[in-house]
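# okay, predicted coordinates and the sequence, questions at the end:
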Amino acid sequence: MPPAGLIGLLLSTLAVLALVAIGVLIIVFLVKAVVLLIPAGLVALIVWLLTGDAKLTAIAFLVAALVCLLKRL
């Protein structure tokens with residue numbers, strides 16, 4: 001039977017590896033979300049520069065984001 005200190009070390013190492021893996025998955029998810037929203041942001045920026053209206057900008061952003069999302073499916 002291994003000593004208790006060795007078991008604790010192994011468990012803490014596994015916990016650190018699990019947390020690092022979760023962190024990497026979160027970063028990948030955030031990068032994918034930002035890449036998905038870049039075209040929608042550009043459309044919203046153009047609409048805002050042309051009209052100056054926040055409501056039209058929000059609608060343009062939502063429609064462009066929806067189109068980008070549906071295009072990926």
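Structure's in. What do you need? Residues are numbered from 1 along each chain as shown.
# any weak-confidence spans in the chain?
Flagging of the chain using pLDDT under 70 yields the residue ranges 1-2, 4.
# okay, which residue is most central for it?
In the chain, the C-alpha nearest the mean C-alpha coordinate belongs to residue 30, at 1.8 Å (Cα atoms, centre = their mean).
# so what does the helix or strand harbouring it touch, helix or strand wise?
In this structure, residue 30 sits in helix 4-51 according to DSSP states H and E. Using 3 or more Cβ pairs under 8 Å, 6 or more residues apart in numbering; DSSP states H and E, the elements in contact with helix 4-51 are helix 54-72. Quick note: C-beta positions are derived from backbone N, CA and C, even for glycine.
# and the direction of the helix it packs on versus that of helix 4-51, what angle?
Interaxial angle of helix 54-72 relative to helix 4-51 (axes from the mean of the first three to the mean of the last three Cα atoms, to 10 degrees): 120 degrees.
# report the distance from helix 54-72 to the chain centre.
Between the centre of helix 54-72 and the centre of its chain there are 17 Å (Cα atoms, centre = their mean, to the nearest Å).
# how many neighbours does residue 64 have?
Residue 64 is flanked by 19 other residues according to other Cβ atoms under 10 Å.
# got it, and residue 37?
Around residue 37 there are 16 residues (other Cβ under 10 Å).
# quick one: it from residue 68, how far?
Noted for residue 37: a distance of 8 Å to residue 68, by Cβ to Cβ, to the nearest Å.
# check residue 30 too.
In terms of Cβ to Cβ, residue 30 sits 16 Å off from residue 68.
# one more: residue 8?
48 Å.
# more neighbours, those two?
residue 68 (16 against 10).
# let me see the contact set for that one.
Counting by Cβ atoms under 8 Å, 6 or more residues apart in numbering, residue 68 touches 36, 37, 39, 40.
# using JSON lines, lay out these together with distance to residue 57.
Converted to JSON lines, the contacts of residue 68 look like this (distance: Cβ to Cβ, whole Å):
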{"residue": "36", "distance to residue 57": "18"}
{"residue": "37", "distance to residue 57": "14"}
{"residue": "39", "distance to residue 57": "14"}
{"residue": "40", "distance to residue 57": "11"}
